[in-house]
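Participant: the following block contains a protein sequence and its predicted model.
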Amino acid sequence: MAPFLPPKIALHGLKERVESLTVQGDRLYLGTATGSVSVYSLDENPVMMPVIGHEEEIATLVEVKKNLVRRAVEQLGFVKDINSLVLLSESTITLFPLPDFVPPTLLPKAKAAFSFAVNSSVQQGPDPVNQSTTGDFERPKSVPTLVTYLAAGCRRKLVIYSWKDGEAQEPKEVPLPHSPRVMAFMGHQAICLAYSATEFALYDFATNSVSDLVVPPTVTTAAGGVGALTGLGSYMTLGLGAKAKPCLAKISDTQVLLAKDNVGIFFGPDGKVSRSGTVDWPGPPDEITYVKPYVLSVLPPGAIPTSTSDASQSPLAQSSAIQIRSGISLSTVQTIAHPFTSGPAPHSTIRLLTHSSSAKATSYFVTTPIDRNAAASEGSSLWLLRMRTWTEQVDELVAAGSYAEALALLDVIDPSALPDKEETRARIRALHAVSQFRAGNYEDAINTFISLDINPAKVVALYPESVAGRLSVPPDQWIPLFGGPETASPDAGKDKDTDSDKGSATAKDTPERTATPVGSIREKLKTSLDAFMPSGSKDPETASITSVRRRQKPDNFHRSVETLLRYLPDRRPKIAAALAAVHITPSQSHRLSPLSETSTEELFALPDAPLSALTPDQLLRYAQVVDTALFKSYLIVRPGLLGPLCRTENWCEVSEVEEVLLAREKYSELIYLYNGKKMHQKALDLLKQLSEKEEDMEDKLMPSITYLQRLGPEYLDQIFKSSRWLLEKDPDMAFQIFTSEEVELPRKPVADFLESIDPRICARYLEYSLQEKEERDPSFHDRLAEVYLHITLHAQEVHDEAMRKEYYDKLLHFLDSNGYYHVEHLFGMLPMEELFEARAILLGKLGRHQHALEIYVYRLHDYSAAESYCKRIYQPDSPTSNVFLTLLRIYLRPTTQTCDMLKPALDLITRHSPRLDVVETLQLLPPLVTAKDVRAFLVEALRVPIFDSHVIREISKARNEQIARKLMVLQSNRVKVSDSRICPQCHKRLGNSVIAVHAPRGEVTHYQCREAFSRRLNEVRR
């Protein structure tokens, strides 16, 4: 699985030694040992890339700037802000404007330079190098600024040039203890400096300070060859006469990779190791660079072993090689050894491994034959190393089952380079979760499924049929189900970072262990203990059984179901809320299409999307899958929760759990489920079937009665059908069906049904409706009277006197006390020669009191009833004020031949004389009736208020006349007051004072003496 394509030749036959190169856009700049710079145009289109040996090349020469400098061009760079090429030669740094290279600008402070590095970034706020401000013209921090740094590593100092939006700033010098040979920026925070292959430092922009990097001690782990001696690198270089070149590469704005001996260590801008992992090369690399997300390193000849069948040849490569490691896992993913073609090629070295600044993720390098003659004749070659497309790399990792690595690779990919990055990430995360599920890591898998809003049908499909039913999918189809490659095998679907020893959740038999072949290494390497073991214990079958007994594997199936019980309740309320938002509730499930009508392909095709993005039909399928799986899961591991689930509204598919519940005798749960799904007939049939096993009548009937009590009017026919056998068994208990407080049934159909069963039950129901429910509809009152009448007449026909009396009394009481029925209707239903009491009551209701009294007197001969009737309806000063006189007339002037009724007439006159008109009563009495017989009536008649009022009126008149005469006499008296008249109180002359005259003798006093004189008179009179 190589992330890079085979190297493609860009230029060949370069006679001049190439000392440096850089790539900017579509231009390639080569610096030679003679001080010249060659400019090439690049065409990296893969379609146009020629194969090795083809005449066309990727790079086309544009121009050559000969003798640009006097000596070799040691390093090339580019400053985009000023569009200039940076050139290091003869320890000086010069800027050459492009494209004409004139006029050159020498950086005077960067003398005795050994290296440089360039970094451009967009910053918010002031330059961290130049902190000074210019008064009121300080740039606002909210305005982004393009800042470019050019750091020059000179002798014992660091010189930093900078440009802000293309404007040059004052350079800054930082003293150093040593001279930096290689540098790498970490964004705009710090610069990593390499003094030598073992000494490194860090310059911090914020503090403007330099600190040494403490490199942890390295342990050499190379195997064989030169790599085995890399721990003595510094001593070897002394013997070989070559000094190790420091290696440094920028990984990101917050991380660099430095090489010490054969170990690569990552550092952050704080000067501390940023990653615990290290890069372990087989030998110290000559050069390293970073092509996101891979670390490319050039290893010297002999560092990498080669596979060869010729024993005479060295097992170590004689040419340099490029080793490519993943920047994520730090493992080797590809090794490119020279020669790159199958044909013969001289041993060569690889130099100038350069990362292209383009977005095409490419790298250039130069190969030069080791043999000087070959180098002089053939020259050097420039190669292009291009990365495969991101899609290809991700797909290869997915096909290999390396889902964690694929996800880590996606994290470093820029969204612009992979437009469908998020969709791909979601798909791979789902596949990773499947591999975790297969390995027994159920919690993490379920967490991923929840976060990705995975279709519940797919999640449930990972379980066996006991949980998933028809949705269950074999393990070898899990990966394709979740969008993985169709050809993936079960083993390929295992993620490489998961534990392969963990069991599967399918609860199926595990594959048998492969038998050890005869003559294998395992069989030959026997310990001394094996020699003393009995031969029987060495039998493979017995040994297998023994090993199984000794090691009890965990119950992965139940553990996986327990994890599913965390997933399903998480989905359930959210799906219910989404359905409620579109006005769909489980109470409507009986009107919606069941889950069984949807194929598994359609269920698996439901989208993996948030609930808000689903259609109502898709939400419905989600709910049905979740509740059905939840029901089956409870049935397996938590049977006690089945009842609460069934009693609440749910979307469970009955057809998938019905048989299991019956087999396990979970009748109560099944009945609740039937009820929730409106499958009432099935529930009632099951209750009737279960009642046959009960002996006690209450235990036999009450479950069915209770169930029927909860059914509403829409199931009236079902209620009637299922209640027949209950009414036949026990009418009193079954009557509770129609008097439930939970629901109210339409009264007329219920009354019709009950009357068809038994009129007495109908009468009882009508009584309940009128008394308890206070029904005021006249039709129900008429109906009850009719039922009473029907039962009474029927009982009379069958000579059931007790029933007749009971219901006839009820009829009479009803007719007498009720005022809502239609009197004329019921009167017309009464037989002419029977039920005279009822006729009398109805005649009274019609206002025909004389006829009612005639029935009491002539038909029933019940004089007390007739008198009671008169008492009940009598009202003074109303049409019924003469009712007693009417009864007396019936007694004394009969219209039919009857017995003498003088005695009840006289008794009536005696008891109710105040309510009888005296004159008419005396006129009705027969001539032979003596005054003695009616003495009490006559005496009472004289005391009638009319007579008393006449006497009182005459007496009052006479008294008024007497008082008027007295007043007239008193008013005619006169008093004469003369000058000599004296006041009898104060004995003074009255004179012209105000006087008072005292009755009755006419004494005259002063007005002010009147009260005292009156008191004296009163005392005298006493």
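Facilitator: Everything's here; your move. Numbering: from 1, shown residues only.
Participant: low-confidence ranges, the stretch 151-300 of the chain, go.
Facilitator: 218-243 (pLDDT under 70).
Participant: same check on the chain?
Facilitator: 1, 44-57, 125-142, 218-243, 306-318, 343, 356-360, 487-554, 940-951, 1022.
Participant: grab the most central residue of it for me.
Facilitator: Central residue of the chain (C-alpha atoms, centre = their mean): Lys574, 2.7 Å from the mean position.
Participant: show me what contacts it?
Facilitator: Leu611 (C-beta atoms under 8 Å, 6 or more residues apart in numbering). Every C-beta, even on glycine, is put in place using the N, C-alpha and C of the backbone.
Participant: tell me the spacing between it and Lys632.
Facilitator: To Lys632, Lys574 is 20 Å away according to C-beta to C-beta, to the nearest Å.
Participant: can you give me the helices for the stretch 401-550 of the chain?
Facilitator: Listed in chain order, the helices of the stretch 401-550 of the chain (DSSP state H, counting those that start in this stretch) span 403-412, 421-438, 442-451, 456-461, 465-468, 478-481, 521-524, 528-531, 540-550.
Participant: next one: the first one to chain centre, how far?
Facilitator: The one in question is helix 403-412. 29 Å (C-alpha atoms, centre = their mean, to the nearest Å).
Participant: the fourth one too?
Facilitator: When distances are taken as C-alpha atoms, centre = their mean, helix 456-461 is centred 18 Å away from the chain's centroid.
Participant: hmm, who's touching it?
Facilitator: 446, 449, 467-468, 471-473, 478, 481-482, 564, 567-568, 571, 600, 603-604, 606, 608, 621-622, 625-626, 629.
Participant: what does the helix or strand containing Phe114 rub up against?
Facilitator: Using DSSP states H and E, the element containing Phe114 is strand 113-124. For strand 113-124, the surrounding residues in contact (C-beta under 8 Å, 6+ apart) are 75, 77-81, 86, 88, 91-93, 110, 141-155, 159, 179-185, 187-188, 191, 253.
Participant: returning to that earlier point: ok, then the element right after whichever strand or helix holds the residue nearest to the centre of the chain?
Facilitator: Assigned by DSSP H and E, Lys574 belongs to helix 556-581. Where DSSP H and E defines the elements, the next helix or strand beyond helix 556-581 is helix 600-604.
Participant: hmm, Met829 is touching Glu786, no?
Facilitator: Yes: Met829 lies in contact with Glu786 (C-beta atoms under 8 Å); the separation is 6.8 Å.
Participant: compare the two and say which is more crowded by neighbours.
Facilitator: Glu786 (20 against 15; other C-beta atoms under 10 Å).
Participant: what about the more buried one, which SS state?
Facilitator: Assigned state for Glu786: helix (three-state reduction, DSSP: H, G, I helix; E, B strand; the rest coil).
Participant: distance check, it against Asn447.
Facilitator: In this view, Glu786 and Asn447 are 72 Å apart by C-beta to C-beta.
Participant: Leu811 now?
Facilitator: 76 Å.
Participant: these two: who's more crowded?
Facilitator: Using other C-beta under 10 Å as the criterion, Leu811 and Asn447 rank with Leu811 on top: 25 against 17.
Participant: quick one: stretch 433-440 to chain centroid distance?
Facilitator: 25 Å.
Participant: let's see it as PDB, backbone CA atoms only.
Facilitator: What follows is stretch 433-440, C-alpha atoms only, in PDB (Å, rounded to 0.1, in the frame of the first residue of the first chain):
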ATOM      1  CA  ALA A 433     -17.500   1.000  14.500                       C
ATOM      2  CA  VAL A 434     -18.400  -2.300  12.800                       C
ATOM      3  CA  SER A 435     -14.900  -3.600  13.300                       C
ATOM      4  CA  GLN A 436     -15.000  -2.600  16.900                       C
ATOM      5  CA  PHE A 437     -18.300  -4.300  17.300                       C
ATOM      6  CA  ARG A 438     -16.900  -7.500  15.700                       C
ATOM      7  CA  ALA A 439     -14.000  -7.300  18.100                       C
ATOM      8  CA  GLY A 440     -16.300  -7.000  21.100                       C
END
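Participant: helices of the stretch 851-1000 of the chain, residue ranges please.
Facilitator: Along the stretch 851-1000 of the chain, counting by DSSP H, counting those that start in this stretch, helices occupy 863-873, 883-892, 902-911, 918-924, 935-942, 945-971.
Participant: can you tell me which of those is nearest to Ile737?
Facilitator: The closest of those to Ile737 is helix 863-873. By C-beta to C-beta, the value is 40.0 Å.
Participant: could you check the angle the closest one makes with helix 902-911?
Facilitator: 30 degrees (axes from the mean of the first three to the mean of the last three C-alpha atoms, to 10 degrees).
Participant: quick check: Lys67 touching Thr32?
Facilitator: If you look again at residue 67, you'll see it is Asn, not Lys. No: at 10.2 Å, Asn67 does not count as touching Thr32 under the criterion of C-beta under 8 Å.
Participant: out of those two, which sits in the busier spot?
Facilitator: Set Asn67 next to Thr32 and count neighbours by other C-beta under 10 Å: Thr32 wins out with 21 against 9.
Participant: follow-up on the earlier one: what lines up beside the strand holding Phe114 in the sheet?
Facilitator: Strand pairing for strand 113-124, using DSSP bridges, gives strand 144-154 (antiparallel).
Participant: run the chain-centre distance for the partner strand.
Facilitator: Centre to centre, stretch against its chain (C-alpha atoms, centre = their mean), the figure for strand 144-154 is 51 Å.
Participant: please save the CA atoms from it in CSV.
Facilitator: Taking C-alpha atoms only, strand 144-154 is exported to CSV below (Å, rounded to 0.1, in the frame of the first residue of the first chain):
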residue,chain,number,x,y,z
PRO,A,144,-5.3,40.5,9.1
THR,A,145,-1.7,41.2,8.0
LEU,A,146,0.5,39.0,5.8
VAL,A,147,3.8,38.8,7.5
THR,A,148,6.9,37.2,5.9
TYR,A,149,10.0,36.3,7.8
LEU,A,150,13.4,35.6,6.4
ALA,A,151,15.7,34.2,9.1
ALA,A,152,19.4,34.0,8.3
GLY,A,153,21.6,31.7,10.3
CYS,A,154,24.9,33.5,10.5
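Participant: just the buried residues of it, please?
Facilitator: 145, 147-154 (16 or more other C-beta atoms under 10 Å).
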